[in-house]
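Asker: Sequence and predicted structure below; questions after.
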Amino acid sequence: MVAIAYFSASDNADAYQAELTRLLPGCSFRRWPDIGDPAEVNYALVWKPPIGFFPALPHLKAVFSLGAGVDHLLTHPELPNDALIVRLVDAGMAPQMAEYALYAALHYHRDMDRYAADQAAGLWQPYPAVATADRRIGILGLGALGSEVGSRLAALGFDVAGWTRSPRDVPGLESFHGADGLEALLARSDILIILLPLTSETRGLLTEEKLRRLPQGAAVVNLARGAILPEAGLLAVLKDGHLRGAFLDVFDTEPLPADHPYRQHPNIRITPHIAAQTLVGPAAAQVAASIRRLEANMPIPGVVARQEGY
Ligand code: NAP
Ligand code: GLV
């Protein structure tokens, strides 16, 4: 028997119940805290589960994240040691991420930030054009999302490079990895796109000192997690003009507090963590396929390496 305990304060429980019970006939879908007999529950499907959730479910085989990120699970104080932790792999998020990244890249590549400021100031002044091939874009993280973003930007003619933990080859992209690789990647990135998981290695990674390795006038696009890009350093490099701007979808505290300096900053564009939203259809299909495989003792995609944090 398959019994799934579900918790999310931000997803559509009715839609997941309908999809999963259709895809897994006979499965029991139980919404926290109405989980029935806890001994029967063998899977969890969650986004930011509350304290008390995991201790109540002692027989979990796998915990599925309702997102690509698993930092909300790996920092959970009660996460069971013996259950698999599974993230969504693309599941319809990669095309959304590519659209957002393209929008932000074009914003800076075509000087829309400067023209918006000039319009507000009543100015009429063209800026010199830069050929697409001369615009260097750097992507931190070439996983399910970063590799799709990189491939699509490269297909449009941008000069794209990526940075990963282990050596990785994505066709059409220059690749860097490790500490030296990060220095080299930063030095050649007019637009830096962050698509790393939040782990003990990436938390606070983009310090002010690192941001100063970017070329003068570069821009940063954070689509991953706020804590990877510390706020004080970003505000400092924007203040003295080393960076021209930042496009931010993710924040240390969400919702971003009403009085946060990012809110009214002339060189920061914010969106409320919508760069790539979880889509019920593809997400439920991926989870259902993985449950079927686990029930047949077969390997599944997206299993998190706990010690690596993603
Ligand atoms: P993924 O497939 O796990 O890929 C992660 C990438 O980051 C891999 O290329 C990995 O390198 C690299 N990486 C991890 N740690 C690193 C380190 N210490 N140094 C250098 N590279 C490192 O993840 P994904 O599915 O692409 O998702 C990435 C993140 O996007 C998620 O974790 C989540 O936080 C964020 N996200 C945000 C939104 C949104 O709406 N804003 C939506 C979905 C996801 P290797 O290739 O060497 O393993
Ligand atoms: C969203 O941030 C996700 O991790 O899917």
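Answerer: Cool, got the structure. Ligands and ions are numbered 1, 2, ... in the order given.

Asker: Near ligand 1, which residues of the stretch 151-300 of the chain are found?
Answerer: Residues of the stretch 151-300 of the chain found near ligand 1 (Cβ under 6 Å from any ligand atom) are 163-166, 168, 195-199, 201-202, 223-225, 249-250, 273, 275-276. All C-beta atoms are positioned from the backbone trio N, CA, C, and that covers glycine.

Asker: try it again with 5 Å
Answerer: 164-166, 168, 196-197, 201, 223-225, 249, 275-276 (Cβ under 5 Å from any ligand atom).

Asker: Would you map the helices across this structure?
Answerer: All helices of the chain, identified by DSSP state H, fall at 13-23, 71-74, 93-109, 112-120, 146-155, 178-187, 208-211, 231-239, 280-295.

Asker: what about the second one, average pLDDT?
Answerer: In other words, helix 71-74. Mean per-residue pLDDT for helix 71-74: 98.

Asker: And the residue of the stretch 1-150 of the chain that's closest to ligand 1?
Answerer: Residue nearest to ligand 1 within the stretch 1-150 of the chain (Cβ to the nearest ligand atom): G143, separated by 1.7 Å.

Asker: Do I have it right that that residue meets V170?
Answerer: No - if you go by Cβ atoms under 8 Å, G143 and V170 don't touch, sitting 10.3 Å apart.

Asker: Which residue is the nearest non-sequential neighbour of the residue most central in space within the chain?
Answerer: Nearest to the mean C-alpha position of the chain, by Cα atoms, centre = their mean, lies A224 at 3.5 Å. In this structure, A224 finds its nearest non-sequential neighbour in I194, 4.7 Å apart by Cβ to Cβ, 6 or more residues apart in numbering.

Asker: Ok, G178 next?
Answerer: R165 (7.8 Å).

Asker: can you list the residues of the stretch 1-150 of the chain near ligand 2?
Answerer: G67, A68, G69.

Asker: Of the residues you listed, which is the nearest to I85?
Answerer: Closest approach to I85 among these (Cβ to Cβ): G69, at 11.4 Å.

Asker: contacting residues for the closest one?
Answerer: R87, P197, L198, A224, R225 (Cβ atoms under 8 Å, 6 or more residues apart in numbering).

Asker: do that again at 10 Å, thanks
Answerer: If a contact means Cβ atoms under 10 Å, 6 or more residues apart in numbering, then G69 has W47, R87, L88, P197, L198, A224, R225, V250, Y310 as its contacts.

Asker: Restricted to strands, list the residues you listed.
Answerer: Among those, the members falling in strands (DSSP state E) are W47.

Asker: Can you tell me which of the contacts of G69 are classed as buried?
Answerer: Listed as buried from the contacts of G69 are W47, R87, L88, P197, L198, A224, R225, V250, Y310; burial here means 16 or more other Cβ atoms under 10 Å.

Asker: any chance of these in CSV, with pLDDT too?
Answerer: Output for the buried ones among the contacts of G69, formatted as CSV (pLDDT from 0 to 100):
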residue, pLDDT
W47, 98
R87, 98
L88, 98
P197, 98
L198, 98
A224, 98
R225, 98
V250, 98
Y310, 98
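
Asker: burial measure for the residue nearest to A224, as a count.
Answerer: 24 (other Cβ atoms under 10 Å).

Asker: on that earlier part again, now do the contacts for the closest residue to the residue of the stretch 1-150 of the chain closest to ligand 1 other than its chain neighbours.
Answerer: Residue nearest to G143 in three dimensions, not counting chain neighbours: L195, with 7.1 Å by Cβ to Cβ, 6+ apart. Contacts for L195 (Cβ under 10 Å, 6+ apart) come out as 68, 97, 101, 139-150, 162-163, 221-224, 228, 275-276.

Asker: Kindly state the pLDDT recorded for L195?
Answerer: 99.

Asker: Ok, V86 next?
Answerer: For V86, the predicted pLDDT is 98.

Asker: now swap in Q307 and tell me
Answerer: 94.

Asker: can you pull the contacts of it?
Answerer: T199, S200.

Asker: how close does it sit to L57?
Answerer: Applying Cβ to Cβ, to the nearest Å, the value for Q307 to L57 is 23 Å.

Asker: Residue numbers of the stretch 151-300 of the chain in contact with ligand 2?
Answerer: Within the stretch 151-300 of the chain, no position is near ligand 2 by Cβ under 5 Å from any ligand atom.

Asker: switch the cut-off to 6 Å
Answerer: By Cβ under 6 Å from any ligand atom, the part of the stretch 151-300 of the chain that sits against ligand 2 consists of T278.

Asker: residues touching T202, list them.
Answerer: T202 is in contact with 71, 140-141, 165, 194, 196, 224-225, 227-229, 309-310, counting by Cβ under 10 Å, 6+ apart.
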